[in-house]
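J.: Okay, predicted coordinates and the sequence, questions at the end:
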Amino acid sequence: ALRLSYLRSGGHDPAILDQLLHLQLEATVLEKGTAGLRRGRRTAPEAPPAVPAEPPGTGTHGLDAALLAVELENRRLEDELLALKVRRERRADAGSRAAQRHTEELARLQAEVGMLRCHAEQTRPWLHPAVFPRPVVPPLPP
């Protein structure tokens, strides 16, 4: 939950993600260890195990460790995918927000140009052609 919260809030530092993954691994190992101890106490609290203890890394313990490692790697990859998706969505959001701002700015500028045109047309002196004086042309030589 902590790792997902970190990723959703924009965290993407590989060192921190590795630390969170390591903490999750430790928690999983501790949970499995205490669950195994509890099961052992319930079934035969005073009887020694019938099967000799296997050295670490072999048998079911080795398979459990390998399975746990694969699960943790899958989770790490899922987290990485989630971080990439979040970054891609943020870039897309930023791009669409920028496009929206540009569209709004263009609309504002077009409205301003229209107002300036109206103002220029209203303040321009409109004189009819009959009001203009006739141009004085010098007479042509004979």
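T.: The structure has been received and is ready for your questions. Numbers count the residues shown, from 1 in each chain.
J.: Just the pLDDT at the spatially most central residue of the chain, thanks.
T.: By CA atoms, centre = their mean, the mean C-alpha position of the chain lies nearest to V86, the distance being 2.4 Å. Note on V86: pLDDT of 89.
J.: my read: it touches S9, true?
T.: No: with contact defined as CB atoms under 8 Å, V86 does not count as touching S9 (9.2 Å). Just so you know, the C-beta spots here come from the backbone N, C-alpha and C atoms, and that holds for glycine as well.
J.: picking up where we left off before, so the residue nearest to the centre of the chain versus L116, what's the distance?
T.: Going from V86 to L116 by CB to CB, to the nearest Å gives 45 Å.
J.: One more: L82?
T.: For L82, the distance to L116 - CB to CB - is 51 Å.
J.: Kindly report the same for L63.
T.: Taking CB to CB, one finds L63 at 79 Å from L116.
J.: And the contacts of stretch 15-35?
T.: 2-3, 6-7, 11, 64, 68, 72, 75-76, 79-80, 83 (CB atoms under 8 Å, 6 or more residues apart in numbering).
J.: for this structure, what spans make up the helices?
T.: For the chain, helices defined by DSSP state H occupy the ranges 2-8, 14-43, 59-123.
J.: which helices and strands sit right next to the first one?
T.: Secondary-structure packing of helix 2-8 (3 or more CB pairs under 8 Å, 6 or more residues apart in numbering; DSSP states H and E): helix 14-43, helix 59-123.
J.: Work out the gap between the longest one and the centre of the chain.
T.: Spelled out, it's helix 59-123. 6 Å (CA atoms, centre = their mean, to the nearest Å).
J.: on that earlier part again, show me which of L82 and L116 is the more surrounded one.
T.: Neighbour count, other CB atoms under 10 Å: between L82 and L116, L82 has more, with 14 against 10.
J.: I'd assumed S5 was in contact with that one.
T.: No: look at L82 against S5 with CB under 8 Å: they stay out of range, at 11.4 Å.
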